[in-house]
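Chemist: Provide a 3D model corresponding to the input given below.
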Amino acid sequence: MKDSKIIRFYMLSLLLIIPAFYAFAQIREYSFEHISLDDGLSQSIVKVIHRDKMGFIWFGTESGLNRYDGYEFKVYKHNPFDSTSISNDNIFHIAESNNGTIWISTLNGLNRFDRERDCFVQYRHDPRDSTSLSHDTVHFSGQDKHGNFWVVTAAGGIDRLIPGTKKFVRYRHVPGDDETLPHNYLNRFYIDHSDRLWLATDDGICYYDHKSDAFIRYDLSDCPKTADGARNIVSLYEPPSEPGILYFSAGGMEDLKHGSGLCLLDISSGKIVNYSHVPGN
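Modeler: Down below sits the predicted model:
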């Protein structure tokens with residue numbers, strides 16, 4: 001009798017689930033267009049893709065920047081004899097500022113795309129100028145809602161571009177100063193729903209307070225340390241359905257396997273909850 005009830009339960013479950021999957025499959029129909037070198041793409045190793053506010057799709061490769069209008073590509077490459085060309089062909093990141101300006105992070109310099117002139121303005125490191133870009137290898141960049149444009153380079157820390165200039169303010173970790181970055185190596189930055197800039201570092205998280213021009217750290221003592229003895233934060237996310245709640249994870253796959261897990265931060269209270277694997281549970 002018990003077995004027959006179990007069989008009826010599973011049969012009923014299948015009758016309910018199969019139509020749902022069928023309906024989902026009917027709604028979620030996608031078609032793909034394959035874009036290759038034959039279509040004009042400069043290289044098949046695409047490292048970053050960005051669709052801008054004007055509808056153009058930008059592809060960053062290890063051999064040039066590509067702009068696609070839906071019909072054809074325009075390829076931008078570095079020309080050592082042209083200071084208005086892109087500074088390097090190895091593209092790391094593409095960002096778009098609030099006014100629609102495209103910024104390109106490369107292996108050798110930051111670039112601002114001038115749409116009217118169809119060329120680039122380069123931002124480079126000058127070892128004689130402490131207000132220049134801190135390093136020519138630029139990992140990623142982006143703008144917050146207050147208009148601050150941020151740049152992360154191989155020098156560590158983060159740079160903020162002074163509007164209307166080619167000068168930067170450099171922010172670094174200062175031991176003993178809790179209003180500075182918790183660590184100079186940055187893994188991610190993230191803009192939350194209250195327009196705060198969050199930084200995930202190799203030893204904790206913080207956000208930038210534009211009024212005080214300082215960084216606000218959070219005590220992560222309730223979160224497990226990673227294998228290197230620090231709290232290496234690698235991702236940040238605030239779900240749209242949970243404003244004020246920030247989820248973050250620490251360490252790589254090896255750390256996650258050993259229980260570093262996922263953490264939840266209630267931004268207003270500062271309370272942190274750790275979700276870790278419990279063997280046998």
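
Chemist: Can you pull out the low-pLDDT segments for the stretch 1-150 of the chain?
Modeler: By pLDDT under 70, the weakly predicted segments of the stretch 1-150 of the chain are 1-28.

Chemist: So which residues of it form helices?
Modeler: With helices called from DSSP state H, counting those that start in this stretch, the stretch 1-150 of the chain shows them at 2-27.

Chemist: Surely residue 172 touches residue 184?
Modeler: Yes: using C-beta atoms under 8 Å as the test, residue 172 is close enough to residue 184 to be in contact (5.8 Å). All C-beta spots, glycine's among them, are computed from the backbone N, C-alpha and C.

Chemist: What is the burial count for the nearest residue to residue 64 once chain neighbours are set aside?
Modeler: Once flanking residues are discounted, residue 64 sits nearest to residue 42: 3.9 Å by C-beta to C-beta, 6 or more residues apart in numbering. One way to gauge burial is a neighbour count; for residue 42, by other C-beta atoms under 10 Å, it gives 21.

Chemist: check contacts around residue 42.
Modeler: When the contact criterion is C-beta atoms under 8 Å, 6 or more residues apart in numbering, the partners of residue 42 are 61, 63-66, 73, 75, 77.

Chemist: which residues are in contact with both of residue 172 and residue 184?
Modeler: Listed as contacting both residue 172 and residue 184 by C-beta under 8 Å, 6+ apart are 156-157.

Chemist: Quick check: bridge partners of the nearest residue to residue 275 once chain neighbours are set aside?
Modeler: Counting by C-beta to C-beta, 6+ apart, residue 262 is the residue found nearest to residue 275 once chain neighbours are left out, at 4.5 Å. Each beta-bridge partner of residue 262 is listed here: residue 249, residue 275, as defined by DSSP bridges.

Chemist: Would you check that residue 262 makes contact with residue 236?
Modeler: No: between residue 262 and residue 236 there is no contact, the gap being 11.5 Å when judged by C-beta under 8 Å.

Chemist: Looking at these two now, which is surrounded by more residues?
Modeler: For residue 262 versus residue 236, neighbours defined as other C-beta under 10 Å are more numerous around residue 236 (21 against 16).

Chemist: Look at residue 211 and say how many residues are nearby.
Modeler: Around residue 211 sit 7 other residues, with neighbours defined as other C-beta under 10 Å.

Chemist: Check the gap between it and residue 30 for me.
Modeler: Separation of residue 211 from residue 30 (C-beta to C-beta, to the nearest Å): 45 Å.

Chemist: can you check residue 267 too?
Modeler: 36 Å.

Chemist: Please apply the same query to residue 141.
Modeler: Computed as C-beta to C-beta, the residue 141 to residue 30 distance reads 31 Å.

Chemist: Over to residue 209?
Modeler: Remark: distance between residue 209 and residue 30 (C-beta to C-beta) = 42 Å.

Chemist: Between those two, point out the one with more neighbours.
Modeler: Neighbour totals were compared for residue 209 and residue 30, and residue 209 leads with 13 against 4 (other C-beta under 10 Å).

Chemist: So the residue nearest the centre of the chain: helix, strand or coil?
Modeler: For the chain, the residue whose C-alpha lies nearest the mean C-alpha position (C-alpha atoms, centre = their mean) is residue 188; its distance is 5.3 Å. Under DSSP: H, G, I helix; E, B strand; the rest coil, the three-state class of residue 188 is strand.
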